[in-house]
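Participant: Generate coordinates for the sequence data below:
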Amino acid sequence: MSDPHETTEAHLERLLGRALNSFDLPDELVERLGTALAHRSSLHTTRRSPAAGPWREIHRHAYLLSDGDSVVLWELAHRQDADLSIRYEVFASKAETCLAAARLFGEVPSQVARELVEVTVEQEPESDIAVLSSLFTNPTPAQRHREYALEESADHARRVLRRAENPDRPGERVALLLRSAYAHQITQVFGTRQCLADGRDAGFSLYEHSFVLLDGSEFSLWEVEHTVTPDGRHMCEVYETETAARGAMELRARVR
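Facilitator: Below you'll find the model as predicted:
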């Protein structure tokens, strides 16, 4: 149903774009979904008639928001007969989905609701926050594959530190240490994630600049690129640890 490489932003745009009733979703809910960092989709129930007759599927789409909460959308995909195209509707609750399915297929709402409850008891996924957080968590530096390039690595480190605008960027100690860098690799830990900050759309990207020093040790700088600025311009911040970089992103994303 979905591309595993599809971004959460693209997934939401596709989901809401094809739904015939997306305008019925509460504005507040749609605004919150704009801060989604990760998503998980699963087939909840399916009912098909023999041959190519009427059928319906209900899909559950869970989203991890920037405030640490999760939101679920329910999608009803249906076709009345083989000559009609598939139609999609999206709802904020399972109850609304039950009623819509009953209306379309002339079923008793209580029967549909009971069917969904029974499936839920058997197949309800584990905590959305736990699962989605694990999707959003990237491998540790030790788990990431490294292919270092023997280039002007010390000069690259100077450029990264020079463009950092955060007051708590690495200081002279780190600058001196990286003068001995002779190889480096740039890894995009994750691509641009969109959210609402200070009432505007803002994008975040995170990069790891890993270096090999003359003594054989490794050292990384973590660069956050974002547009949470008064004029919407691009801004770079650099940190010594991934934890600090992610903490800065969470802080910027929560600005209202």
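
Participant: Could you report the pLDDT at Y148?
Facilitator: Looking at Y148, its pLDDT reads 76.

Participant: How about the contacts made by it?
Facilitator: Going by Cβ atoms under 8 Å, 6 or more residues apart in numbering, Y148 touches A183, H184, Q185, S210, V212. From N, CA and C alone the C-beta is placed, and that goes for glycine too.

Participant: out of the residues you listed, who's nearest G68?
Facilitator: Comparing those against G68 with Cβ to Cβ places S210 closest, at 28.5 Å.

Participant: Show me the beta-bridge partners of the closest one.
Facilitator: With DSSP bridges as the criterion, S210 is bridged to Q185, S220.

Participant: Give me the neighbour count for it.
Facilitator: Per other Cβ atoms under 10 Å, the neighbour tally for S210 reads 20.

Participant: That one is in contact with F219, isn't it?
Facilitator: Yes - using Cβ atoms under 8 Å, S210 makes contact with F219 at a distance of 7.5 Å.

Participant: what about the nearest residue to I186 once chain neighbours are set aside, neighbour count?
Facilitator: Using Cβ to Cβ, 6 or more residues apart in numbering and skipping residues adjacent in sequence, the residue nearest I186 is H209, 5.6 Å away. Number of residues near H209 (other Cβ under 10 Å) recorded here: 22.

Participant: next one: Y63
Facilitator: Using other Cβ under 10 Å, Y63 has 23 neighbouring residues.

Participant: Pretty sure V160 sits in a helix.
Facilitator: Yes - judged by DSSP: H, G, I helix; E, B strand; the rest coil, V160 forms part of a helix.

Participant: What about it, how many residues nearby?
Facilitator: Residues within reach of V160, counting by other Cβ under 10 Å, total 22.

Participant: can you tell me how far it sits from Q185?
Facilitator: 13 Å (Cβ to Cβ, to the nearest Å).

Participant: Now list whatever residues contact both of the two.
Facilitator: What both V160 and Q185 touch, as defined by Cβ under 8 Å, 6+ apart, is the set H209.

Participant: just for the protein, where's the confidence low?
Facilitator: The chain contains residues with pLDDT under 70 at 1-6, 48-53, 82-83, 106-147, 190-202, 232, 253-256.

Participant: which SS state does the residue nearest the centre of it fall under?
Facilitator: What sits nearest the mean C-alpha location of the chain, by Cα atoms, centre = their mean, is A38, with 2.5 Å. Here A38 is recorded as strand under three-state DSSP.

Participant: all strands of this protein, in order?
Facilitator: Using DSSP state E, the strands assigned to the chain run over residues 36-48, 55-65, 70-79, 87-91, 181-197, 200-213, 218-226, 235-239.
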